[in-house]
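Undergrad: no sequence for this one, just the structure:
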C-alpha cells in the first residue's frame, strides 16, 4: 500500500548510502537512483546533497520527508496490526522475562496498555539480569525475554526492540565534580559504581571501554550493586560516578538530583532485544512483541 519510492527513500536516508540501500531492498543501485530522482522530480527539490567523494547527506527537504516517512510507516504498522486483530481472538498465559532496566523503566506502560486491549491474556513477568533471563528462556521457564547488552547465545534468536544510551552520571549535590566533560582515561581518577557480573549493562560498558584501551579492572570500583535503583540511591548520597540508562534517570535529571558528565569521543549506545529460542513459535509472544514495537513512548 505504501509507495515503494518512499520505502527506497527511507532506506537511503537511514543508511546515507545507495549501495547499502539497494542491498537491503534487493534491487539494483540504478533502480534506487531512479526512484529517488522520481521523488525529487515530484517534489521539485533535491532530497540529498551529493559530494565529490560519493558521500551523501539529507537536504532540509530530505530531513522533512524522512520525518513524515517515519510517521507514515508507523501509522501503517498500527493499521496492519489492528486489521489482523479483527480476525483473531487471544487468551491464555504469557510468561515474560525482562532484564532489570527494561522491567523497571521500559515495559510497565506497555504492559498496562496491552492488558487494556487483551484482558483475556494473563501476563507473568519475572525479572533478573540479562544472564538470568537467558537461562530462564533456555530452561523454558518463560516464553520470551527482553534484555539489554551484547550477549549472543547460539541457542537464542535476538531481535532488536529499542535503542538505549548509557550516560555517566553524578549526584546533583556532588560539588566536588566541577567538570562537565572528561576524557575516557580520566575515568580511572574517580570512584565508580557498577552493576554486578552477569549484567548486560556491565557487558556494554566493558565493550565501550575496550575501544579506548581501558579495562573494567583498571577502574576504581567503589561497589557493584544488583540494580539500577540501588545504584541511583547510593549515587545521590555519595561522590561516586555511575553509568546509567538515560531512561532510568529522567525524573532525577528533571529534579536536579543528578547530572550527566559527558565523555569526550565516547557514546555508549545499546539495543534492547527480544529473545526467543530458535524454532520456538508462540502466538501470544509474537502478539506482544508486535504490540510493543508499535507502542508510542512519546505519549
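TA: Received it, and whenever you're ready, just let me know what you need. Computed from a predicted structure; not experimentally measured.
Undergrad: Only C-alpha atoms from now on, for both contacts and neighbour counts.
TA: Noted.
Undergrad: Have a look at the protein and report its longest helix.
TA: helix 60-85 (DSSP state H).
Undergrad: which other helices and strands contact it?
TA: Counting contacts by 3 or more C-alpha pairs under 8 Å, 6 or more residues apart in numbering; DSSP states H and E, helix 60-85 packs against helix 4-15, helix 283-294.
Undergrad: Pick the most buried one from those.
TA: helix 4-15 (a mean of 18; mean count of other C-alpha atoms under 10 Å).
Undergrad: how much does it deviate in direction from helix 60-85?
TA: Here helix 4-15 points in a direction 120 degrees away from that of helix 60-85 (axes from the mean of the first three to the mean of the last three C-alpha atoms, to 10 degrees).
Undergrad: residues in contact with helix 4-15?
TA: 18, 20-21, 24-25, 32, 35-36, 39, 57-58, 62, 66, 69 (C-alpha atoms under 8 Å, 6 or more residues apart in numbering).
Undergrad: Give me the average confidence score over it.
TA: For helix 4-15, mean pLDDT rounds to 91.
Undergrad: which one of the helices and strands packed on helix 60-85 lies closest to residue 107?
TA: helix 283-294 (8.3 Å; C-alpha to C-alpha).
Undergrad: what packs against that closest one?
TA: Looks like helix 283-294 contacts helix 60-85, strand 92-99, helix 108-117 (3+ C-alpha pairs under 8 Å, 6+ apart).
Undergrad: Out of these, flag the one nearest residue 165.
TA: For residue 165, the closest of those is strand 92-99, at 15.5 Å, according to C-alpha to C-alpha.
Undergrad: buried ones in the closest one?
TA: By neighbour count on 16 or more other C-alpha atoms under 10 Å, the buried set for strand 92-99 is 94, 95, 96, 97, 98, 99.
Undergrad: can you give me the strands for the protein?
TA: Taking DSSP state E to define them, one finds strands in the chain at 48-50, 56-58, 92-99, 121-128, 144-147, 156-171, 181-182, 191-195, 220-225, 241-245, 258-263, 268-277.
Undergrad: now, of those, which is deepest in the fold?
TA: Comparing the strands of the chain by mean count of other C-alpha under 10 Å gives strand 144-147 as most buried, with a mean of 29.
Undergrad: Just give me how far that strand sits from the chain centre.
TA: Here strand 144-147 is found 13 Å from its chain centre; the criterion is C-alpha atoms, centre = their mean, to the nearest Å.
Undergrad: Which elements pack onto it?
TA: Short answer (3+ C-alpha pairs under 8 Å, 6+ apart): strand 144-147 packs on strand 92-99, helix 130-138, strand 268-277.
Undergrad: Report the angle between the longest one and helix 130-138.
TA: This means strand 268-277. 20 degrees.
Undergrad: Okay, now the sheet partners of strand 268-277, with direction.
TA: strand 144-147 (antiparallel), strand 156-171 (antiparallel) (DSSP bridges).
Undergrad: Now tabulate the ones you listed in a markdown table and tack on mean pLDDT and distance to residue 223.
TA: A markdown table is the format used below for the strands paired with strand 268-277 (pLDDT from 0 to 100; distance: least, C-alpha to C-alpha, whole Å):
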| stretch | mean pLDDT | distance to residue 223 |
| --- | --- | --- |
| strand 144-147 | 95 | 23 |
| strand 156-171 | 92 | 15 |
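Undergrad: Of all those, which one is nearest residue 132?
TA: strand 144-147 (9.8 Å).
Undergrad: follow-up on the earlier one: just send the helices and strands packed on helix 283-294 back as TSV, with distance to residue 164 and mean pLDDT too.
TA: Listed next are the helices and strands packed on helix 283-294 as TSV, based on distance: least, C-alpha to C-alpha, whole Å; pLDDT from 0 to 100:
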stretch	distance to residue 164	mean pLDDT
helix 60-85	19	82
strand 92-99	13	91
helix 108-117	16	93
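Undergrad: Need these in TSV (columns: distance to residue 252).
TA: Formatted as TSV, these follow (distance: least, C-alpha to C-alpha, whole Å):
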stretch	distance to residue 252
helix 60-85	30
strand 92-99	21
helix 108-117	19
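Undergrad: Of all the ones you listed, which one is nearest residue 210?
TA: Nearest of the helices and strands packed on helix 283-294 (C-alpha to C-alpha): strand 92-99, 23.5 Å.
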